[in-house]
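Trainee: 3D model of this:
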Amino acid sequence: MDLTIATLLGSGGFSSVYKGTLSDGIDVAVKIFDLQLEGAFKSFERECEMLSNIRHRNLIKIISCCSQLDFKGLVLNYMPNGSLEKWLYSQNSSFDILKRLNIMVDVALALEYLHHGYSVPIVHCDLKPSNILLDDDMVAHVADFGIAKLLGLGDSMTRTMTLATVGYMAPEYGMDGIVSTQGDVYSFGIVVMETFTKMKPTNEMFVEEMNLKQWVANSLLSEAIAEVVDANLLVAKEEDHDYVTKIDCLSSIMRLALACCAEPLDERINMQEVVATLKKTKVKFLKDVGRRVLLNRPRVQAL
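Mentor: Numbers count the residues shown, from 1 in each chain. Predicted structure coming up:
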């Protein structure tokens, strides 16, 4: 395979990702592992194992891998729109409720496949906005399976010493190293909250008992969801004909996110329920917006 490597796209715990071009002109992402780092070799083998065996439109696809004694790398589909993290923290007012909701549906479908659609459950273990990549059409693809775990047949959980990302990992993962599909559900809930509030779970405002989850829960209790969601999603109430519809949709999304983050873990919903709820929320939102447009359409009087 003839490959030209160009721009550095980003760096992670064990690797760096570059934009490359194949001899036929197709752009790809090239993930090169730093073998000087402890854990890099294991991370490479884990990604190879996972990505070679799973197939889903919302998971990153592996094109090829290169494994030599002193070099380990993966050739992956190139995602021209970068990561969800990039979009969240850019000043882009077109990144509206529907675009974000579509991305969350994509991610939920990917996790549903990993947890319920494969021969044995796969736990991603490190879901966060930087690991959600967007293609030309803004379709989301979950990436980075470097610390993912395969649960054994009949097992609902296992244990690990590998740390995930602070702020996104479930409490039982951080305290006891317990890995389960419900840990991914928790991480998904945090990602949903961040996606619609534009607030990182590690923001310095979250101290002591106050965290992103509690902040969102308090806003729902006081019916003040407009005060916590990303300001780009709403305009002044008197100027926005869809304001009530948007608030209703955002409240539903945040209630779902909180259900994903329930403690203890056996009280959390699963990804099949998450997918069903998100799809219903999207259908209702589009229906309500469409109804408002129809009601406000000028009527043509018969001659």
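Trainee: the helices in the stretch 1-150 of the chain, which residues?
Mentor: Under the criterion DSSP state H, counting those that start in this stretch, the stretch 1-150 of the chain contains helices at 40-53, 84-88, 97-112.
Trainee: With mean neighbour count and mean pLDDT as extra columns, can I get those helices in TSV?
Mentor: In this view, the C-beta of every residue, glycine as well, is placed from N, C-alpha and C. Formatted as TSV, the entries for the helices of the stretch 1-150 of the chain read as follows, by neighbours: other Cβ atoms under 10 Å; pLDDT from 0 to 100:
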stretch	mean neighbour count	mean pLDDT
helix 40-53	17	87
helix 84-88	20	95
helix 97-112	22	98
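Trainee: out of those helices, nearest to residue 151?
Mentor: helix 40-53 (12.6 Å; Cβ to Cβ).
Trainee: buried residues in stretch 64-78?
Mentor: 65, 72, 73, 74, 75, 76, 77, 78 (16 or more other Cβ atoms under 10 Å).
Trainee: who touches stretch 59-75?
Mentor: The contact list for stretch 59-75 (Cβ atoms under 8 Å, 6 or more residues apart in numbering) reads 1, 3, 20, 28-33, 35, 40-41, 44, 47-48, 51-52, 55, 76-77, 79, 110, 113-114, 133, 141-144.
Trainee: According to the record, where do the domains of this structure fall?
Mentor: Residue ranges for the domains of the chain, per automatic domain parsing: 3-77, 84-295.
Trainee: which one of the helices of the stretch 1-150 of the chain lies closest to residue 229?
Mentor: Nearest to residue 229 among the helices of the stretch 1-150 of the chain is helix 97-112 (9.0 Å), distances taken as Cβ to Cβ.
Trainee: next one: the closest one to chain centre, how far?
Mentor: 8 Å (Cα atoms, centre = their mean, to the nearest Å).
Trainee: switch to numbering from 36
Mentor: Happy to do that; since the first residue is 36 now, the last one works out to helix 132-147.
Trainee: which stretches of this protein have low pLDDT?
Mentor: 36, 187-197, 327-338 (pLDDT under 70).
Trainee: pull the longest helix from it.
Mentor: Longest helix in the chain, counting residues (DSSP state H): helix 306-330.
Trainee: list the helices and strands that one packs on?
Mentor: Contacts defined by 3 or more Cβ pairs under 8 Å, 6 or more residues apart in numbering; DSSP states H and E place helix 306-330 against helix 132-147, helix 216-232, helix 278-295.
Trainee: Same list, those helices, but as CSV with distance to residue 125 please.
Mentor: Shown next, in CSV, are these (distance: least, Cβ to Cβ, whole Å):
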stretch, distance to residue 125
helix 132-147, 13
helix 216-232, 13
helix 278-295, 20
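Trainee: right, so of the ones you listed, which gets closest to residue 261?
Mentor: Closest approach to residue 261 among the helices and strands packed on helix 306-330 (Cβ to Cβ): helix 278-295, 6.3 Å.
Trainee: I'd like to know which elements the closest one is packed against.
Mentor: Using 3+ Cβ pairs under 8 Å, 6+ apart: helix 278-295 touches helix 132-147, helix 216-232, helix 247-256, helix 306-330.
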